[in-house]
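1. Provide a 3D model corresponding to the input given below.
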Amino acid sequence: MKKVLVLCTGNSCRSQLAEGYLRYFAGNKAEIFSAGVETHGVNPRAIATMKEDGIDISAHTSNNINEYAGIDFDYVITVCDNARERCPFFPSNAQKFHYNFPDPAKATGPEEEILAQFRSVRQLIKDYCEAFVKDNL
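-> Coordinates of the predicted model:
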């Protein structure tokens with residue numbers, strides 16, 4: 001079974017959305033993990049936004065990349081430039097993918113505008129994950 005790691009800065013938002021969608025689209029074709037170069041906890045708005053689309057990530061945890069040092073990943077997907085720049089070396093032949101998604105956690109303004117940012121990024125990540133699974137798994 002293929003192993004996929006989604007890597008972001010804090011493993012709180014974008015990587016959590018991607019983990020949820022990759023699990024959904026991949027089904028039993030792959031094991032999906034997500035981690036951060038830091039851990040910030042799972043963003044409550046990320047959980048709520050995914051729930052709107054029928055995917056429950058409320059049991060996800062925020063994990064540090066070091067927790068997965070012994071796993072031989074087939075694919076590593078970085079979802080922000082900061083993670084790509086700080087991504088540690090994996091002693092494996094993992095294929096690396098990168099897409100710098102906007103960070104909805106940095107959105108400001110009224111709650112509805114912030115949620116609109118989350119929904120917009122959610123859709124970008126959903127489309128990316130669906131295509132990734134179709135093309136690679």
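2. I'd like the next helix or strand past the helix or strand of the chain with the lowest mean pLDDT.
-> Ranking every helix and strand in the chain by mean pLDDT, DSSP states H and E puts helix 81-86 at the bottom, with a mean of 69. Heading C-terminal from helix 81-86, the first helix or strand you meet, by DSSP states H and E, is strand 95-98.
3. any idea of the mean pLDDT in that next one?
-> Regarding strand 95-98, the rounded mean pLDDT is 92.
4. got the contact list for that strand?
-> Outside strand 95-98, the residues that touch it by Cβ atoms under 8 Å, 6 or more residues apart in numbering are D74, Y75, V76, I77, T78, V79, R84, C87, F132, N136. Where C-beta positions appear, they are placed from N, C-alpha and C, glycine not excepted.
5. same thing with stretch 114-123?
-> Stretch 114-123 is contacted from outside by 13-14, 17, 45-46, 48-50, 52-53, 101-104, 107-108, using Cβ under 8 Å, 6+ apart.
6. at 10 Å what do you get?
-> Outside stretch 114-123, the residues that touch it by Cβ atoms under 10 Å, 6 or more residues apart in numbering are 13-14, 17-18, 20-21, 43, 45-46, 48-50, 52-53, 55, 79, 101-110.
7. give me the average confidence score over that stretch.
-> Predicted confidence along stretch 114-123 averages 98 (mean pLDDT).
8. list the buried residues for the strand or helix carrying C129?
-> Using DSSP H and E, C129 maps to helix 111-136. The neighbour-count check on helix 111-136 (16 or more other Cβ atoms under 10 Å) flags 114-115, 117-118, 121-122, 124-126, 128-129, 132-133, 136 as buried.
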